[in-house]
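Asker: Turn this into a structure:
(one chain, ligands or ions: 1)
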Amino acid sequence: MNSNQHETPFLTNLIKARDAHEYSFHMPGHKFLPDKNPLMSSLAGALIFEADLNEISPGIDYLHAAKGALLEAQRLQAEAVGASRSYFLINGSTVGNQASMLAAVHDGQTVIVPRAAHRSVYGGLILSGANPVYVPPVYHPQVEFPLAVAVDTVRELLRKHADAKAVQITSPNYYGYLSDVGGLARLAHEHGIPLLVDEAHGAHLPYHPDLPSSAIQVGADLVVQSAHKTLGALTQAALMHLNGSLIDPAHLQHILALMQSSSPSSLLIGSLDAARQQMALNGRELLTNAIQLSKYAREGIRTIGSLWCYGDELIGEYGIFAHDPTKLVIRVSDTGMNGQTFAAHLAQEHNIFGEFVDPKHIICSITIADDQQRVDYLLNALRTVAAKGTQMAAKAAAPTLVAPELPQMVINPRQANFAATRTVPFSKAIGEVCAEQIMPYPPGIPMLLPGEQIDVNMVDYLRYVKGQGVSIVGPEDTSLETVRVIAR
Ligand SMILES: Cc1ncc(COP(=O)(O)O)c(C=O)c1O
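Answerer: Predicted structure coming up:
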């Protein structure tokens, strides 16, 4: 790796500009004066205002027309991860996924997308006007969530939909499981189309050889990472990486300028520059520690009789190609508590908050910020809460839900988004075209999306899960007495 990875061009200029204490007669309105903003200063410290500079100040380059420090910071980022170009994002992987879709497909073009995608991917479908062909979710029998996308499934979809212009996948997911991204990239390229990867949970992957390969390293064309999720960057700070020649960088740059604020936060950008430098210089050492702590935590959890922590043993089935050890997927259902109850005990009695909860599991993420003391605290708390559970009368876990087939798409997400709608009783909605997203949560996979036809099996299924106490997320009327449909 090039020795200038120790440099932080943007952050260094930001510090210089802050220390210059200019007399500002321009935005932002706080004029970098903390005493004029006492409440925010008491929350975040005075320095946050002093460093909240923008491109008007000397040396602060502009995200949408980077020429100096910011261009170099992004170049260093690309070099650190092995991308041909990297882009700093100030609206999370959310804007990255939306922009990926817009860069790869447009009105009426077909894109292959797994159904278990983040809502920003659906946002990208609405914005682009593309026609999705969904990869049906295959629920892992133990974890009861689709953990990966199998190459053969996508091959079959590409055979049936030879007009597809891109494949989009999420890998790793919340649970830390990865698909065979290299295999999917080769497959997409055989068809002459790009592979877009939502790697929101994998920004740390490029920096350690014992972690699964990042999508950037195995041939994906566009990769989106939340640097705030697993690295040290501030919330909302994210990255996009480009490789290959299937996506036009000028078009991508244009889309990013269209979708992101014209007043990008230097704090967010500075945090990306710092996070890259830290990982490029010390990532291996920091992640070695995180991996060892994760191993220690996983082994410790497995000694607690009523708990289990998943790991590599799920690799090889259901499309699972690799596992990120820093994600602790802890099965708590054998304690007699469901994930939500277990998580509530951890929060109320130990002030511990995990990353994600489902009916059977809590998911805790170990990062470069953790240490032995913090992991021991987690292990002790898990032990205490687990013991409480086994003393309680065993409560039934949430029922295993067998979902109906994916509904038929009548109009695409964009057309549905702009169509006139009306509200009908849910019981009378059979045959209508849904105008809303309807998602039982957990597991958080949309059962109906705008533009899809509502059939009798779907009505029965959604009523059944609602009756089981599962929350319904997305529609205006979450009681599902009524539903919004496309007006005829
Ligand atoms: C799989 C996945 N993709 C994308 C996102 C959006 O990321 P961000 O919060 O950085 O916008 C999330 C956020 O939780 C996510 O879980």
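
Asker: Tally up the residues packed near whatever residue of the stretch 301-450 of the chain ends up closest to the ligand, please.
Answerer: Distances between the stretch 301-450 of the chain and the ligand by Cβ to the nearest ligand atom are smallest at Phe356, namely 8.6 Å. For glycine as for every other residue, the C-beta is placed from the backbone atoms N, C-alpha and C. For Phe356, the count of nearby residues is 18 (other Cβ atoms under 10 Å).

Asker: Which residues does it form beta bridges with?
Answerer: Ile363 (DSSP bridges).

Asker: what's the answer for Thr110, then?
Answerer: Beta bridges link Thr110 to Asn131, Ala164, judged by DSSP bridges.

Asker: where along the stretch 151-300 of the chain do the strands fall?
Answerer: Using DSSP state E, counting those that start in this stretch, the strands of the stretch 151-300 of the chain run over 164-170, 177-178, 195-198, 222-225, 238-242.

Asker: Then the stretch 351-488 of the chain?
Answerer: Assigned by DSSP E, counting those that start in this stretch, the strands in the stretch 351-488 of the chain fall at 356-357, 361-365, 421-425, 439-441, 471-473, 482-486.

Asker: Put together a markdown table for the strands of the stretch 151-300 of the chain, with mean pLDDT on each row.
Answerer: Shown next, in a markdown table, are those (pLDDT from 0 to 100):
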| stretch | mean pLDDT |
| --- | --- |
| strand 164-170 | 98 |
| strand 177-178 | 98 |
| strand 195-198 | 98 |
| strand 222-225 | 98 |
| strand 238-242 | 98 |
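
Asker: how many neighbours does the nearest residue to Ala46 once chain neighbours are set aside have?
Answerer: Nearest non-adjacent residue to Ala46, counting by Cβ to Cβ, 6 or more residues apart in numbering: Pro34, 3.5 Å away. Pro34 has 17 neighbouring residues, counting by other Cβ under 10 Å.

Asker: that older thread, what about the residue of the stretch 301-450 of the chain closest to the ligand, distance to Arg159?
Answerer: 34 Å (Cβ to Cβ, to the nearest Å).

Asker: again with Tyr174
Answerer: Per Cβ to Cβ, Tyr174 is found 30 Å from Arg159.

Asker: higher neighbour count, the two?
Answerer: Tyr174 (21 against 9).

Asker: residue contacts, the nearest residue to the more buried one once chain neighbours are set aside?
Answerer: Closest residue in space to Tyr174, ignoring its immediate chain neighbours: Phe356 at 4.8 Å, by Cβ to Cβ, 6+ apart. By Cβ atoms under 8 Å, 6 or more residues apart in numbering, the contact list for Phe356 reads Tyr174, Ile362, Ile363.

Asker: Might you report the residue contacts of the nearest residue to the second one once chain neighbours are set aside?
Answerer: Spatially, and ignoring its direct neighbours in sequence, Ile362 is nearest to Gly354 (4.5 Å; Cβ to Cβ, 6+ apart). Gly354 sits next to Ile330, Ala343, Leu346, Ile362, Ile363, Cys364, Ser365 when contact means Cβ under 8 Å, 6+ apart.

Asker: now do Ala257
Answerer: Per Cβ under 8 Å, 6+ apart, neighbours of Ala257: His64.

Asker: where's the spatially most central residue of the chain relative to Arg119, distance?
Answerer: When Cα atoms, centre = their mean is applied to the chain, the residue found nearest the centroid is Ala200 (3.9 Å). Distance from Ala200 to Arg119, counting by Cβ to Cβ: 12 Å.

Asker: His241 is in contact with Arg85, isn't it?
Answerer: Yes - if you go by Cβ atoms under 8 Å, His241 and Arg85 touch, sitting 7.2 Å apart.

Asker: So the two - more neighbours on which side?
Answerer: The neighbour comparison of His241 against Arg85 (other Cβ under 10 Å) goes to His241, with 26 against 16.

Asker: Spell out which residues of the protein are next to the ligand.
Answerer: The chain comes close to the ligand at residues Gly92, Ser93, Thr94, Asn97, His118, Ser120, Thr170, Tyr174, Asp198, Ala200, Ser226, Ala238, as judged by Cβ under 6 Å from any ligand atom.

Asker: if I've got this straight, the fourth one is in a helix?
Answerer: Yes - for Asn97, which was evaluated using DSSP: H, G, I helix; E, B strand; the rest coil, the result is membership in a helix.

Asker: Check which helix or strand the residue nearest to it when sequence neighbours are not counted maps to.
Answerer: Excluding its sequence neighbours, the residue lying closest to Asn97 (Cβ to Cβ, 6+ apart) is Ser120, at 4.0 Å. Element membership for Ser120, per DSSP states H and E: helix 119-128.

Asker: Against Pro194, how distant is the closest residue to Leu252 other than its chain neighbours?
Answerer: Of all residues not flanking Leu252 in the chain, Ala103 sits nearest, at 4.6 Å (Cβ to Cβ, 6+ apart). Using Cβ to Cβ, one gets 9 Å for the distance from Ala103 to Pro194.

Asker: shared neighbours, the two?
Answerer: Common neighbours of Ala103 and Pro194 (criterion: Cβ under 8 Å, 6+ apart): Leu222, Ile247.

Asker: show me what contacts the closest residue in space to Gln372 that isn't next to it in sequence?
Answerer: With Cβ to Cβ, 6+ apart as the criterion, Gln372 has its nearest non-adjacent residue at 6.8 Å, and that residue is Leu293. Residues near Leu293 by Cβ under 8 Å, 6+ apart: Ile366, Asp370, Asp371, Gln372, Val375.

Asker: In ChimeraX, select just the buried ones from the residues you listed.
Answerer: To isolate in ChimeraX the members of the contacts of Leu293 that are buried, counting by 16 or more other Cβ atoms under 10 Å, one can use:
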select :366,370,375
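
Asker: Can you name the two of the contacts of Leu293 that sit furthest apart?
Answerer: For the contacts of Leu293, with distances taken as Cβ to Cβ, the pair at the greatest spread is Ile366 and Gln372 (11.3 Å).

Asker: what's the distance between the residue of the chain at minimum distance from the ligand and Val357?
Answerer: The ligand sits closest to Gly92 of the chain, with a gap of 2.3 Å, by Cβ to the nearest ligand atom. Per Cβ to Cβ, Gly92 is found 21 Å from Val357.

Asker: Give the bridge partners for Gln168, please.
Answerer: Per DSSP bridges, the residues bridged to Gln168 are Leu196.

Asker: What's the local residue count around it?
Answerer: Neighbourhood size, Gln168 [other Cβ under 10 Å]: 29.

Asker: The residue nearest to Ala46 is in contact with Ser41, isn't it?
Answerer: Yes - Pro34 is in contact with Ser41 according to Cβ under 8 Å; the separation is 4.4 Å.

Asker: Could you pull up the mean pLDDT of stretch 279-291?
Answerer: Average pLDDT, stretch 279-291: 98.

Asker: Domains in the chain, by residue range?
Answerer: 289-391, 413-486 (automatic domain parsing).
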